[in-house]
Structures are given as structure tokens and as C-alpha cells.
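Student: The following comprises the amino acid sequence and a computationally predicted model.
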Amino acid sequence: MCRWLSYIGTPIFLDEIIFEQENSLINQSKHATYSSVTTNGDGFGVGWYGTREAPGVYHEVLPAWNDKNLRNLAHQLSSGLFLAHVRASTGTDTSRTNCHPFRKGNWLFMHNGMIGGYARIRRDLERMIPDEIYPNRLGTTDSEVFFHLLFSEGVDEDPVGALSRTVKRVLGVMKGHDIREPFRMTALLTDGKSVYALRYATDPEPPSLFWWPQQERLLIVSEPLDSDISHWRDVPPQHLLISRGHGDTVTRPFELAA
């Protein structure tokens with residue numbers, strides 16, 4: 001399983017979170033502890049928001065711990081909202097186009113988990129991506145398919161509803177093909193203003209997801225960044241965390257669309 005984190009708050013340099021913590025994302029890429037897969041070396045990516053509306057992204061197929069460009073970039077780049085992701089492939093190629101976060105317009109999305117039976121239903125899911133959106137589909141992952149399906153469900157106007165309707169559509173395709181493998185997801189979606197972090201699964205084993213609210217910053221992570229877990233809050237299974245920063249953060253049950 002992949003490892004990821006997101007930061008929202010007063011601007012900081014990326015290396016403060018990616019490199020400098022006791023259990024930094026770089027350490028997790030080599031020695032994940034809240035995952036069935038300990039090594040996440042199938043590429044990585046970062047996304048950030050600056051002075052322009054569209055976010056920046058950087059992807060690479062090297063293991064995150066072995067890319068000097070990432071260290072140099074993280075040392076210089078400051079942002080009040082960024083995402084970082086280290087990848088453990090569930091079967092698709094290691095390529096830049098398959099690295100998270102994915103971008104469309106002002107939206108960024110990253111994911112840890114899997115759509116059960118994806119190889120069997122990939123073609124059906126891709127057919128559900130509208131023609132005008134499909135040219136933005138560059139890779140082959142289930143994560144990117146899910147991201148683009150959000151736009152067919154009105155993510156610009158109703159992000160929470162789009163997440164709910166998209167999960168329901170994917171589960172419907174899985175049911176139609178009698179897929180018995182689980183659907184598992186911790187995902188983060190943001191437009192640069194609000195952050196939506198979902199923890200959901202159809203079995204009792206959703207991937208881990210934690211958050212740490214502070215006065216002027218919020219961290220959302222696959223696993224805690226230090227050994228003192230007392231200040232980290234668990235996002236319950238089947239829950240959605242919504243944050244607009246500066247203490248405006250709530251968790252609520254995630255319900256599928258009627």
C-alpha cells in the first residue's frame with residue numbers, strides 16, 4: 001500500500017515534513033509500519049499550491065529516498081497546502097504518469113488502496129469517463145480513473161456528493177462483474193482551498209489514516225510522523241474529513257449516494 005501526507009496551514013518548506021520528521025515520508029517509503037507493504041519504491045510525487053491558481057506537481061519513477069532533485073526542491077519550495085505520495089504499485093507500471101498526485105485544473109487527488117478486480121473492470125470504468133475529460137487520462141491506474149470519474153459527478157459544485165456518487169458507481173460495476181475482492185480507499189482531494197480526506201472500505205481493513213490539528217496547521221497522514229501517537233487522531237473507517245484550515249476541520253460519516 002502507498003503512503004501519503006497532506007499539509008494545510010501557514011506556509012512551510014516541504015522538507016520539514018517530507019524529510020525532517022522522525023517517521024518522515026521518506027522513512028515510510030523504506031520502512032512503512034502501518035501497512036502490509038513495508039517498501040514504497042515505485043515512484044513518488046508532490047503537489048503544491050503557490051501564487052497561481054493551478055497547482056504545481058513533480059513526479060519521478062525513482063524511489064523517493066534516492067532522488068536528489070526531490071531533496072533540493074523540498075529544501076527551497078514553500079507552500080501553505082501541499083501533498084506528497086510514495087507509491088507501491090498494485091499491478092500497473094512504474095511510470096511518471098502513474099505517480100500521484102493527479103491534477104486537473106485547480107484540483108489535486110491522491111489515493112492509497114485498490115479497486116478490487118480492477119484488471120477485469122478497467123475498460124468498463126474508463127468508458128464512464130466523459131469524452132471531454134478523457135484526454136486528461138494519461139496513466140493506467142485505478143486511482144486516476146477514480147479521479148476523472150469525479151468530474152462526471154459534479155466535483156466542482158459538490159465535492160462531497162461527487163465522492164459519494166463515484167464510490168457508488170464503482171461499487172456497482174464491481175457488483176455487476178461479481179468482484180469479490182474489496183474496495184479500499186484512503187484518498188485526498190483538494191481544490192487548493194478545501195481538503196477532503198476519505199477513509200472507506202467494503203471489508204474490515206481500510207488503510208490507515210490519521211490527522212493532527214494544530215493552531216495554524218493541519219497534517220493528514222497515512223501514518224504518524226513521530227513515535228508519540230497521543231496527539232494523532234484516527235479517522236474512523238467510513239468517515240470523511242473536511243478541512244478549510246485554521247481550525248475549521250470536521251470528520252463526518254461517509255454515506256453512499258441514495
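Tutor: The structure has been received and is ready for your questions.

Student: Tell me the secondary structure of the closest residue to Gly139 other than its chain neighbours, please.
Tutor: The spatial neighbour of Gly139 that comes closest, neighbours along the chain excluded (Cβ to Cβ, 6 or more residues apart in numbering), is Thr97 at 3.7 Å. Where C-beta positions appear, they are placed from N, C-alpha and C, glycine not excepted. Secondary structure, DSSP: H, G, I helix; E, B strand; the rest coil: Thr97 is helix.

Student: pLDDT value on Thr97, please?
Tutor: Per-residue pLDDT puts Thr97 at 95.

Student: any idea how far it lies from Leu83?
Tutor: Going from Thr97 to Leu83 by Cβ to Cβ, to the nearest Å gives 17 Å.

Student: quick one, which of these two is more surrounded?
Tutor: Shown here are Thr97 and Leu83; by other Cβ atoms under 10 Å, Leu83 has more neighbours (27 against 16).

Student: list the contacts for that one?
Tutor: Going by Cβ atoms under 8 Å, 6 or more residues apart in numbering, Leu83 touches Trp4, Leu5, Ser6, Val46, Gly47, Trp48, His100, Pro101, Leu108, Met110, Leu188, Thr190.

Student: number of nearby residues for the closest residue to the second one other than its chain neighbours?
Tutor: The one in question is Leu5. Excluding the flanking residues, the one nearest Leu5 by Cβ to Cβ, 6+ apart is Val221, at 4.3 Å. Using other Cβ under 10 Å, Val221 has 26 other residues around it.

Student: Verify the stated contact: Val221 with Trp211.
Tutor: Yes - with contact defined as Cβ atoms under 8 Å, Val221 reaches Trp211; the gap is 7.4 Å.

Student: any shared contact partners between the two?
Tutor: With Cβ under 8 Å, 6+ apart as the test, Val221 and Trp211 both reach Trp232.

Student: and the longest helix belonging to the chain, how far out from the chain's middle?
Tutor: Ranked by residue count and defined by DSSP state H, the top helix of the chain is helix 159-176. Distance, stretch centre to chain centre, for helix 159-176: 17 Å (Cα atoms, centre = their mean, to the nearest Å).

Student: can you map out the helices along the protein?
Tutor: Under DSSP H, the chain gives helices at 15-18, 25-31, 68-76, 118-127, 142-152, 159-176.

Student: For the worst-scoring helix or strand of the chain on mean pLDDT, name the packing helices and strands.
Tutor: Every helix and strand in the chain was compared by mean pLDDT, DSSP states H and E; the lowest is helix 25-31, with a mean of 88. Packing partners of helix 25-31 (3 or more Cβ pairs under 8 Å, 6 or more residues apart in numbering; DSSP states H and E): strand 3-13, helix 15-18, strand 78-86.

Student: what about the residue nearest the centre of the chain, distance to Asn98?
Tutor: Centroid-nearest residue in the chain: Met110, 2.5 Å away (criterion: Cα atoms, centre = their mean). Applying Cβ to Cβ, the value for Met110 to Asn98 is 12 Å.

Student: Between the helices of the chain, which one is closest to Asn136.
Tutor: Among those, helix 142-152 comes nearest to Asn136, with 6.5 Å by Cβ to Cβ.

Student: Low-confidence stretches in the stretch 101-250 of the chain?
Tutor: Low-confidence segments of the stretch 101-250 of the chain (pLDDT under 70): 246-247.

Student: again, 90 this time
Tutor: For the stretch 101-250 of the chain, the stretches with pLDDT under 90 are 205, 214-216, 229, 244-248.

Student: Which residue ranges of it form strands?
Tutor: For the stretch 101-250 of the chain, applying DSSP state E, counting those that start in this stretch gives strands covering 102-104, 107-114, 184-190, 195-201, 210-213, 217-221, 233-234, 239-243, 249-253.

Student: would JSON lines of those with distance to Lys175 be doable?
Tutor: Putting these into JSON lines (distance: least, Cβ to Cβ, whole Å) gives the following:
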{"stretch": "strand 102-104", "distance to Lys175": "26"}
{"stretch": "strand 107-114", "distance to Lys175": "16"}
{"stretch": "strand 184-190", "distance to Lys175": "16"}
{"stretch": "strand 195-201", "distance to Lys175": "15"}
{"stretch": "strand 210-213", "distance to Lys175": "31"}
{"stretch": "strand 217-221", "distance to Lys175": "30"}
{"stretch": "strand 233-234", "distance to Lys175": "29"}
{"stretch": "strand 239-243", "distance to Lys175": "22"}
{"stretch": "strand 249-253", "distance to Lys175": "22"}
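
Student: Before I go, just wanted to say thanks for your time.
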